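Engineer: here is the input, now give the coordinates:
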Amino acid sequence: MKQPFATLAAVLAASLLISCLCVKSSAAPRTPTFASDIAPIIYQNCASCHHAGQVAPFSLTSYQDVEQHAQTIAAATQIRYMPPWHVDNPGLFQNSRHLTAAQITLLKEWVKAGCPRGNMKLAPAAPHYNKAGWIMGTPDAVYVPSRSYQLAAAGSDVYRCFVIHTNYPTDRWVKSVEIRPGNYHVVHHIICYLDTSGAARKLEAATHDGQPGYISFGGPGFPAKGMLGGWAPGTQPMTMPHNVGILLPKGADIVMQVHYHKDGKQETDLSHVGLIFCKKPVDKKMLIMPLLQFNLNIPPNDPNYIATAQLKVPANVHLLSVFPHMHLLGHTMNVTCTLPSGKSFPLVTVPDWNFNWQGFYTYKKPLAVPAGSVLHLTASYNNTESNPFNPHNPPVMVHWGDQTTDEMCLCFITFTVDQQHLLQNTAYAPGQNTK
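Structural biologist: Presented below is the predicted three-dimensional model:
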């Protein structure tokens, strides 16, 4: 897998251009300082990945950290390589890392001025993260496979399912989920399914290769009872709104499906999933519906192959978050909602897909969508040599598939159903209507 920070060498080279971009103005604007201008930008938009134990290669939680990497920061933000925020819907989502043009200019001018510290008494407090590296805070429970997985140096991608027993005697409701890869070099993505049937244990028991877990491409190999969420590069922890929870059924097994992409040498992985449980009564269950197009036939040398999908919403719902997903040929994705009145509005717009940075985008406020509304997805793919991420040289026909070199056209959407009120014993079972 191409790592998110693999092109930092190019960014370092680009930093040589910063002096050319810094043209003196006839006016004399106030010189930006770290304390007043730069720290708020870095701490809000960069530090969540740039701290010890996370995917980023260096920390940005102090003046010394930021000053040391100032040229790289200025260059990376100038070309919008960093921070990673690859949707174009200003004001729609929580925790946006989209920098304004004014913020990018401040970073450039600060570097030009020699990175002045300023009055540190005016600086915001440096972000504090759990020593174990958990972004969401200390989990109530942490689950790991029974032992580490040994990944061979070469060959096809591996989809390994690890069966983790919870053994709770009663149902539990989950407020927050954070999934942490043990080895960022080879973990492509992780999805955590739930099993209450014992099917995953049987599949593991039937596997005799000396490794924990079992092989299963695509899904987990059984009808899952639910999901705890997933991880892909750039994903932030998933946290439920007030009164909403993710159901962890009593006695359930967590089936952690890890997609490994081999990097040419033997590797070891032991990934983790951390949970914070709901401390107050839950009224609504989080549900997930996939908006997808399986029928992909992307011909070689097509710079703009279009795939579409749509889904009619069967009940009054509130949308919580979206998770767009394509592979290396993906270029753009646009998901919209058309109400029964005919009015349309965007759910997520991806203007320039980046496989290395994807995850759940959570709405600032759940979006009300009435029954009869239609969700539309349009995605484009570039299967030419001009696509620097194309895994095939020369380009070949590409279809839907699980391998990184295959393609997908998918957007997961999490939601709640308006008429469901668990505290009033008013239930709702979407069944096949949400598939």
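Engineer: which residues of the stretch 101-250 of the chain fall in helices?
Structural biologist: Along the stretch 101-250 of the chain, counting by DSSP state H, counting those that start in this stretch, helices occupy 101-112, 199-205.
Engineer: what comes up buried for the last one?
Structural biologist: Of the residues in helix 199-205, 199, 200, 203, 204 count as buried by neighbour count, 16 or more other C-beta atoms under 10 Å. Glycine gets a C-beta too; all of them are placed from N, C-alpha and C.
Engineer: same check on the first one?
Structural biologist: By neighbour count with 16+ other C-beta under 10 Å, helix 101-112 contains the buried residues 103, 104, 105, 106, 107, 108, 109, 110, 111, 112.
Engineer: thinking again about what came up before, mind putting the buried residues of helix 199-205 in JSON lines, pLDDT and distance to residue 374 included?
Structural biologist: Below are the buried residues of helix 199-205 laid out as JSON lines (pLDDT from 0 to 100; distance: C-beta to C-beta, whole Å):
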{"residue": "199", "pLDDT": "96", "distance to residue 374": "35"}
{"residue": "200", "pLDDT": "97", "distance to residue 374": "35"}
{"residue": "203", "pLDDT": "96", "distance to residue 374": "37"}
{"residue": "204", "pLDDT": "97", "distance to residue 374": "41"}
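Engineer: can you list the residues you listed in TSV and add distance to residue 177?
Structural biologist: Below are the buried residues of helix 199-205 laid out as TSV (distance: C-beta to C-beta, whole Å):
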residue	distance to residue 177
199	22
200	19
203	23
204	22
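Engineer: among those residues, which two are most distant?
Structural biologist: 199 and 204 (9.9 Å; C-beta to C-beta).
Engineer: just give the closest residue to the spatially most central residue of the chain, not the sequence neighbours.
Structural biologist: Closest to where the C-alpha atoms of the chain average out (C-alpha atoms, centre = their mean) is residue 359, at 1.8 Å. The spatially closest residue to residue 359, leaving aside those adjacent along the chain, is residue 235, at 3.2 Å (C-beta to C-beta, 6 or more residues apart in numbering).
Engineer: hmm, residue 358 and that neighbour touching each other?
Structural biologist: Yes. Residue 235 is within contact range of residue 358, at 7.2 Å (criterion: C-beta atoms under 8 Å).
Engineer: can I assume residue 364 sits in a strand?
Structural biologist: Yes. Looking at residue 364 with DSSP: H, G, I helix; E, B strand; the rest coil, it is inside a strand.
Engineer: follow-up on the earlier one: more crowded one of residue 235 and residue 358?
Structural biologist: Neighbour count, other C-beta atoms under 10 Å: between residue 235 and residue 358, residue 358 has more, with 24 against 20.
Engineer: what does stretch 146-157 contact?
Structural biologist: Stretch 146-157 has contacts (C-beta atoms under 8 Å, 6 or more residues apart in numbering) with 158, 160, 162, 164, 182, 186, 188, 211-213, 258-270, 402-404.
Engineer: equivalent analysis for stretch 290-307, please.
Structural biologist: With contact meaning C-beta under 8 Å, 6+ apart, stretch 290-307 is reached by 308-311, 329, 331, 335, 375, 377-386, 392, 394-400, 407-413, 435.
Engineer: just the buried members of these?
Structural biologist: Buried among the contacts of stretch 290-307 by 16+ other C-beta under 10 Å: 309, 311, 329, 331, 335, 375, 377-384, 395, 398, 400, 407-413.
Engineer: and the gap between residue 221 and residue 60?
Structural biologist: Using C-beta to C-beta, to the nearest Å, we find residue 221 at a distance of 41 Å from residue 60.
Engineer: so which bits of stretch 238-256 are buried?
Structural biologist: Buried residues in stretch 238-256 (16+ other C-beta under 10 Å): 238-241, 244-249, 252-256.
Engineer: what does stretch 37-48 give?
Structural biologist: For stretch 37-48, the neighbour count (16+ other C-beta under 10 Å) marks 37, 38, 39, 41, 42, 43, 44, 45, 46, 47, 48 as buried.
Engineer: next one: stretch 317-337
Structural biologist: In terms of neighbour count (16+ other C-beta under 10 Å), stretch 317-337 has its buried residues at 317-337.
Engineer: so who does residue 353 touch?
Structural biologist: Contact analysis of residue 353 by C-beta under 8 Å, 6+ apart lists 86, 324, 326, 330, 331, 332, 333.
Engineer: please flag which of these sit within strands.
Structural biologist: Among those, the residues falling in strands (DSSP state E) are 324, 330, 331, 332, 333.
Engineer: and which of those residues is nearest residue 426?
Structural biologist: residue 324 (32.1 Å).
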